[in-house]
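Peer 1: sequence and computational prediction follow.
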Amino acid sequence: MRRAPGSVQALLVADAVFRDPYGIPHLRADSVDELATLQGSNAAEDRAWQIELARLRALGEASSVLGADWLDWDVFARRARLADTARRCLDRLDQRTRCWLAAYAAGVNERRQAGARRAPEFAALGHRPGLWQPWIPIAVFLAEHILFANFPDKLWQEHVRDALGTEVLEWFLTDNPHRAASNAYALSGRLTASGLPLVAGDPHRYLDLPGVYQQVRLACPEFDVVGLAFPGVPGVPHFGHAGSVAWAITNAMADYQDLFVEELRAESGEVWSREADGWAPCAVTVERIAVRDAGVLEIEVVETARGPVIVGGSGERAYSLRTPARVDAAAGVETMLALLHARTADEVIAAFENWVEPIDAVITADTGGRVRTRLAGRVPVRPVENMRLPVPAWEPQWAWSGGCAAMPVGEVDGFVVNANDRATGAGLGVDYAAPHRVNRITELLGGLSAVEAADLARVHVDDRQGSVDTARELLHRASVTGEASKLRDGLLAWDGRMSGGSREALLFAAWRSAVVRWLARQPPLLVLADVPAAPDVFDRWLAPVARLGYVWEAAFRGARSLGIDIDEGVRIALERVAVAPPPGCWGDHHVLVPLYEPSEDPLVTEPDLGIVRLSGDRDCVLATASVPGVTYECSIGPVARYVWDLADRQQSRWIVPYGASGIPGDPHFADQLPLWAAGELVPIVTDWDRLTPEV
């Protein structure tokens, strides 16, 4: 009997893979576990090298294949006990979810060799893909997100405090560049042309190649979901449309990971940590890390009552890391499975009850017209000082209470915008994005009526520079003559758009970078260059010029308190740019620089994507971020864009930066890239008759 196209009832063929014109996989099977196996098999074929690298990273074994450049990460992964935490999480899961993970791992194993034959990285490196266990998807997810929050920033904040005092800390408690900055917004039916809600957004992360998200459709008799999956992890945890309900998340910027300063001593073959009531033995293991062409390194892995020691050791300043996932042996995997079964906004809200980390701001809407929000995850109850800085392990006032903060739930009548802002974060952190994106999206949505999906697609690519008002305030006061005066007047007349074809946008970026570099050289701030010793994996958190560039607005507002003449810096920057202005337009310099591993390995040829010119910048809704004072290039930006239409799922749209395939040379490796760069979206096809079955 023939059923309605695109419905769950249309599933007549088991274990089938279909493709749309962009090669996006549509997977269907007779049961949930068979579908999980099929998703694992598809990931092993479409993203073979990507998921193998994810496995190696999670296990702390990347340097065995990629060499010493990855040793620092492997040491961190071992010391942070990522694999052990994943195993513990699996042991605590219910049987149903464990079977689901086992089915996914079985699918990867079934096709991993076939995938490796397609992916050139394996042959180039002489490597064969490893075996997957059911806990490995958990480890992959943990490894992807362990640096997602702000514990590395606490090392920087401690450095700033020690160098300049506590008052300067406030400069840097905004717009953290290393936490994913994302936009998500939803409109209730009273604002849309269809009378049913729309949900849209774009997550921002490092622009890894292949992309961190994989477009996929997962269908079986119990559900039919389109969404964005993490290769190596089953389901679609962050962004999905199940027909009757859709959901999206942004980073809530909550603080849930703590660094504790540990005092350790070695004695009689044991390691001891200082506690409030004396000294206590630590758990210690010795791990061996094989490094390609460099032998084997033995490392000591130490864990105190707070957590694993990730920096330092006996006889030196050491830091332990405490996270909810490690403490509770939970990673929120139950949510990933429950989301696939959700039919209403209430069920999505309920599914996130078991979420752990990272802390997400959820938006969901359904065909009943409801639009709901919630924060999801576990934020430990402890003093606010823990959120700002590393705290002494042996002082009991900094200990976790054992409880978790309440996660607010809301109802929306009108529209809602989440953009990593302070209001969305509900006071569960100290470090939020500057308000530019949330203010601009609110302004744009407020000017719309009878909204359709195409209207929200245009919001994605708005390129007005959010910090232009601060720039104008500084420029108005500048006392300059000649060419510098002409430059200032041109910037004051500029419309503030970071369009790739704009000469003024480039001159603004050049002036901003010159201002940041001048500021970093001022005597009161030179001390920031003397950063403390830390593993290389934390280098990007401890780069003074970049850190000032990320927060240049706050830094310039506060620099006068250190006796720095800001007006002088603005003048000097104008004169320098006027004398030697960069040639061309913004897009000539603001180009995509994807992060491809192993890009530094001479055995592997990096895929050539050509020059991809971009509009936008940090502090734009189109957050193709550059690093003021360091580079105009873009390695952080929208890793997907989507518009979920609850009136008709086939009117929904999405895009990823590169393509559906992770195999260089595949026709769908980068076929979405020109559309992504131009701000366009591709259709979501849900009619099975319009898809091509894969033989």
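Peer 2: Right, received. Where do you want to start?
Peer 1: the domain parsing of the chain - what is it?
Peer 2: 151-176+463-589, 183-255+331-462+639-686, 258-322 (automatic domain parsing).
Peer 1: just say which of those domains is most tucked in.
Peer 2: Among those, domain 183-255+331-462+639-686 has the highest mean neighbour count (mean count of other Cβ atoms under 10 Å), at a mean of 21. Bear in mind the C-beta positions are built from the backbone N, C-alpha and C, glycine included.
Peer 1: pLDDT (mean, whole number) over it?
Peer 2: Per-residue pLDDT over domain 183-255+331-462+639-686 has a mean of 96.
Peer 1: so how far is it off the chain centroid?
Peer 2: Remark: domain 183-255+331-462+639-686 is offset 11 Å from the chain centroid, using Cα atoms, centre = their mean, to the nearest Å.
Peer 1: go on, stretch 488-502?
Peer 2: With Cα atoms, centre = their mean as the basis, the mean position of stretch 488-502 lies at 30 Å from the chain mean.
Peer 1: do stretch 629-647 as well
Peer 2: So, by Cα atoms, centre = their mean, the centroid of stretch 629-647 is 11 Å from its chain's centroid.
Peer 1: that stretch: end-to-end distance?
Peer 2: 46 Å (Cα to Cα, to the nearest Å).
Peer 1: do the same with stretch 520-539
Peer 2: 17 Å.
Peer 1: quick one on the thing from earlier: and the domains of the chain as CSV, adding distance to D91?
Peer 2: Below are the domains of the chain laid out as CSV (distance: least, Cβ to Cβ, whole Å):
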stretch, distance to D91
domain 151-176+463-589, 25
domain 183-255+331-462+639-686, 12
domain 258-322, 17
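Peer 1: among those domains, which comes closest to Y22?
Peer 2: Closest to Y22 of these, according to Cβ to Cβ: domain 183-255+331-462+639-686, at 5.6 Å.
Peer 1: pull the residues that contact the longest helix that the chain contains.
Peer 2: Under DSSP state H, the helix in the chain containing the largest number of residues is helix 95-118. With Cβ atoms under 8 Å, 6 or more residues apart in numbering as the test, helix 95-118 has contacts from 32-34, 36-49, 51-52, 90, 93, 122, 128-129, 131-138, 232-234, 333-334, 337, 663, 666.
Peer 1: one more: stretch 183-190?
Peer 2: Contacts of stretch 183-190 (Cβ under 8 Å, 6+ apart): 195-202, 204, 248-250, 361, 363-365, 369, 371, 412-419, 437, 441, 445, 451, 456, 459-460, 621, 623.
Peer 1: those in helices, which ones?
Peer 2: Counting by DSSP H, the contacts of stretch 183-190 place R437, I441, L445, L456, V459, H460 in helices.
Peer 1: circling back to that earlier point, ok, then the element right after the longest helix of the chain?
Peer 2: For helix 95-118, the succeeding helix or strand toward the C-terminus, using DSSP states H and E, is helix 120-125.
Peer 1: E680 against R641, yeah?
Peer 2: No: if you go by Cβ atoms under 8 Å, E680 and R641 don't touch, sitting 9.2 Å apart.
Peer 1: okay, and the common contacts of these two?
Peer 2: Counting by Cβ under 8 Å, 6+ apart, the residues touching both E680 and R641 are A457, I655.
Peer 1: which among the contacts of helix 95-118 count as buried?
Peer 2: 32-34, 36-49, 51-52, 90, 93, 122, 129, 132-138, 232-234, 333-334, 337, 663, 666 (16 or more other Cβ atoms under 10 Å).
Peer 1: of these, which belong to helices?
Peer 2: 32-34, 36-46, 48-49, 51-52, 90, 122, 136-138, 333-334, 337.
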